[in-house]
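Asks: Have a look; sequence and predicted model below, questions after that.
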Amino acid sequence: MPRETEISVNERAFIQQALQENLRLDGRAFDAFRPLELTFGDEYGVADVQLGKTRVIARISVDVAVPPPERKFDGIFQIIAEFSPMASPAFEVGRPSDAEMVLSRILEKAIRRSNALDTESLCIIAGLKCFALRADVHIIDHDGGLVDASCIAVMAALQHFRRPDVVVEGEKATILSVREREPIPLSILHQPLCVSFSYFEDGEIFLIDANLSEEQVRNAEIIVTMNKHGEVCQIAKYGGATVDPLALLNCTNVALQKVKEMSKIIQGKLEADAKKRDAGGLMAELSAENER
Amino acid sequence: MSDLMTVVLPGDDVPPDDLPKAQNKKKALKLGPGLRHIPPETITTTIAGALVTDARKNAAWIEYNSGRVSALPSAPISVQPIVILDHVCHSRPRQAVPSGGSIGTQLTLQQYLASVGDLVIATVLSSTSEHFNCYITPHTHTAALPHLAFEGANRKNQKKLPPHSLVYARIVNSGKDSIPEITCVDASTGKGEGLGPLNGGMVFKISLSMARRLLAGRKGGVSVLEGLSEKMGFEVAIGRNGMLWVDAGSVKATLAVGRAVQEADEQGLGEKGQKKAVDRALKKI
Amino acid sequence: MGPETILSHLHRADGSATYTYNGYSIIGSVNGPIEVPRRDEHAEEATIEVNVRPAVGVGSPKERHLETLLHNTLRSITLIRSIPRTLVQITLQIRSLPEGEAAVGVNSSLTLLPHLLNTAVLALLSTSVPLATIATSVLVAVSPKAPTPLLSPTATELLRVKPIRSIHVFAFSGERKLLLNESDGAFSVNEWDEACEMAEEVCCKEGGVGLGEGMDVDGQQINMEGWLRDVVRRKVELEQRWRTAD
């Protein structure tokens, strides 16, 4: 089976040598992200993220389901990230690789378990009906930094998504179509984002947002998830090598700064998109009607 | 090379008028990549691109840039890169001698020769008792590089190459039905002639057409390397599989050379643009 | 207006294409020819693998069905015998579907099929996999409310003429040969004939060897063969721009 090809010894040595001379092959600073591009689809809840050559599309969809009996007052929220051969011939359909497992696990911890989405707001009738929200993450192009890019995509898509409004009369719930009533945004409690640190030279050098070849050379990886208020949602460390605890502390400081920058970019893009949709200020009128 | 190019889609019949007219009736028509001959007299295309003809060499091929052409060993001979045609022409008298036989056999012969002799940068994957298993592009069948196919190698003195090291090699046999074979030595002289393990330096990905142009020399219209070499010294190896190996001594200089070529490639720079790229690269060092 | 396309835009795949038309947006990628797993290896021909990935959720029997149809059609246009013991891996990721697509009430795998096939052909062209010919595909819908069959209708157009009696998908080769036909609903032989003729008109270049001047017949009709040729012409121009650049 085609395996992910390993980097050549020449490239490995060159990248390491360059790092010791304070150089990254693409000319970035050690703590710089690649240029982030974020676009939204025509529909609500589709975010297309490009981080350098890495490209990820997240899509939110909603359905009505019966809530699990042990959580009567909650809705359902799932994140599904599956690799396809599009991103690399080594990704096989139906046979998850390690990278795929790491991605799913981190997204689960970072977004779902940190309660980024208020799942209680998805409840329609306790114990009977709720919204089942689903985030599909499609990896389109892979040049490293999948976790960071996917997290941005899912969070941006969640904030962009609008769910249909619902009217409840006793035990009868009616889902109102988009034509009948303006759909409503999800209730997002906070916006966690991931920042990946790659360690080289026994922890002496760390890079933010490593690309694929840097990822193949690194000793260890630390993924910090944080929101812009500086609350750490999760920290994960993969890849054996030991890391100084103080360095870890330093990571969280750098991560906070990066998360703030990224949140700002996402916010800006969301506002620009809302403005584009709201041609002629019709939206304000519609939502005003809804409130009455 | 004509400026006006005919754009073709797979399955287009090439009208006889578009093919080069042989001045010499004895000279067989050579078909490069993307063309196939359906007996008796039909020539059709198999890939999308521009039809290019060369009346002097009596050759025709489809110029294209994308895709995994470099999967040479397992790829069909008919999609072999055309530069090899040049190769064959000005290297050794390897050209097939066209006889009165049917076009069909001549075509095969020409195309076979065309595929052999390609220079590639291969990556060693593993070693067996007889040869190294190397891959020319990721995720393809490996090619065999015999332990003895190095300059000065014999039973007692054999090269040791760790996994994932790079070699500059020539394709000896790209047979469709056998394991492809590559070599680092010229069989007739026993010399390496620049082939062999690549130590140090860095490889840069370039497009297939860029590799083709670099190997084609002046005709390829790439002046970046020449321009840089006037001011600095460096070593390069160009692999037809879309790889460029550079060693200019220091990290900065190597990067500058590699990036200048990539820039010319990605932005499709003309002569002036390339000069500017050279100046920018020299400033960085 | 023909379908909008972007060719060879993905870095990792050997060839790729994004196709946007009538609210359908599909990203296609091709890896190949690459090493094939032993169990799928054929001694004399290449193996073709098609993956259709829906926008929402993971593949269901509907996608498997589409994959089979696409596989057979693509296999017949690829020169599989010239690349034996290799794998050509085609992945089609559906990015978005037109609004109201579900409300039309027809077999949604058929409305999607022509777009998937066109995307796959574009991605194969981008990869330079050897092909015997090209394929172009189109959807035709027959409704009692419309005087003539509708050619590659949008979702809104389909909604307007509801109920739709039958839908047909046709794919033609560059030599005007019918490669694929899938029909659903109740129809007469005459209706099928008419639909097939219309599809052939759109898919294939008109009469003999043209130079791809088939765009914008009747102001809105497109010719798929001409459109494909135009896409390739633009790709060639981009690749050759160094010849004319400063």
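Replies: Looks like it came in fine. Everything numeric here is computed off the predicted structure, so don't read it as measured data.

Asks: where does the chain have its least confident helix or strand?
Replies: Reading this off chain A. helix A:282-291 (a mean of 53; mean pLDDT, DSSP states H and E).

Asks: Next: chain C.
Replies: helix C:241-244 (a mean of 86).

Asks: My understanding was that B:F132 contacts B:L161; is that so?
Replies: Yes. Using CB atoms under 8 Å, B:F132 makes contact with B:L161 at a distance of 5.9 Å. Just so you know, the C-beta spots here come from the backbone N, C-alpha and C atoms, and that holds for glycine as well.

Asks: so what sits against both of those two?
Replies: B:V124, B:V167 (CB atoms under 8 Å, 6 or more residues apart in numbering or on different chains).

Asks: More neighbours: these two, which one.
Replies: B:F132 (27 against 19; other CB atoms under 10 Å in any protein chain shown).

Asks: residue contacts, that one?
Replies: By CB under 8 Å, 6+ apart, the contact set of B:F132 is B:V124, B:L125, B:S126, B:A144, B:L145, B:H147, B:L161, B:V167.

Asks: I'd guess it is in a strand, am I close?
Replies: Yes. When classified by DSSP: H, G, I helix; E, B strand; the rest coil, B:F132 is found to be part of a strand.

Asks: Could you find the closest non-adjacent residue to it?
Replies: B:L145 (4.4 Å; CB to CB, 6 or more residues apart in numbering or on different chains).

Asks: Need the three-state assignment for that neighbour.
Replies: Assignment for B:L145 (three-state DSSP): strand.

Asks: what's the spacing between the helix or strand containing A:L207 and its chain's center?
Replies: Per DSSP states H and E: A:L207 is located in strand A:205-208. Centroid separation between strand A:205-208 and its chain, computed with CA atoms, centre = their mean, to the nearest Å, is 21 Å.

Asks: does any bit of the helix or strand following it sit next to chain B?
Replies: Where DSSP H and E defines the elements, the next helix or strand beyond strand A:205-208 is helix A:212-217. No. Shown here: helix A:212-217 not in contact with chain B (CB under 8 Å from any CB of the partner chain), separated by at least 10.2 Å.

Asks: model confidence over the helix or strand just after helix A:212-217, on average?
Replies: Per DSSP H and E, helix A:212-217 leads on to strand A:220-226 as the next helix or strand towards the C-terminus. The average pLDDT within strand A:220-226 is 95.

Asks: With stretch B:172-180 instead?
Replies: Here the average pLDDT along stretch B:172-180 is 76.

Asks: From B:Y135, how far off is the residue nearest to B:F132?
Replies: In this view, B:L145 and B:Y135 are 11 Å apart by CB to CB, to the nearest Å.

Asks: Now do the shared contacts for the two.
Replies: Residues touching both B:L145 and B:Y135 (CB under 8 Å, 6+ apart) are B:A122.

Asks: that older thread, what is the strand holding A:L207 packed up against?
Replies: helix A:9-20, strand A:193-200, helix A:245-277 (3 or more CB pairs under 8 Å, 6 or more residues apart in numbering or on different chains; DSSP states H and E).

Asks: still on that earlier bit, give me the neighbour count for the residue nearest to B:F132.
Replies: Look at B:L145: counted by other CB under 10 Å, it has 25 neighbours.

Asks: Tell me which residues touch it, please.
Replies: Contacts for B:L145 (CB under 8 Å, 6+ apart) come out as B:A122, B:V124, B:H131, B:F132, B:N133, B:C134, B:V167, B:A169, B:E181, B:I182, B:T183, B:C184.

Asks: now those residues: which count as buried?
Replies: When the contacts of B:L145 are checked for burial by 16 or more other CB atoms under 10 Å in any protein chain shown, the buried set is B:A122, B:V124, B:H131, B:F132, B:N133, B:C134, B:V167, B:A169, B:E181, B:I182, B:T183, B:C184.

Asks: So what sits opposite the second one in the bridge?
Replies: When bridges are taken as DSSP bridges, the partners of B:V124 come out as B:C134.

Asks: Does stretch C:81-91 reach chain B?
Replies: Yes. Interface with chain B: stretch C:81-91 contributes C:S82, C:I83, C:P84, C:R85, C:T86 (CB under 8 Å from any CB).

Asks: Give me the phi and psi for the first one.
Replies: Note on C:S82: its backbone torsions stand at phi -90, psi -10 [degrees, to the nearest 10].

Asks: try the last one
Replies: When quoted as degrees, to the nearest 10, the phi and psi of C:T86 stand at phi -130, psi 170.

Asks: Find the helix or strand that C:I26 is a member of.
Replies: strand C:24-35.

Asks: coming back round to it: is chain B within reach of the least confident helix or strand of chain C?
Replies: Yes. Using CB under 8 Å from any CB, helix C:241-244 reaches chain B at C:R241, C:W242, C:R243, C:T244.

Asks: Just the buried subset of these, please.
Replies: C:W242.

Asks: can you redo the residues of helix C:241-244 next to chain B as TSV with distance to chain A?
Replies: Listed next are those as TSV, based on distance: CB to the nearest CB, whole Å:
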residue	distance to chain A
C:R241	21
C:W242	22
C:R243	27
C:T244	28
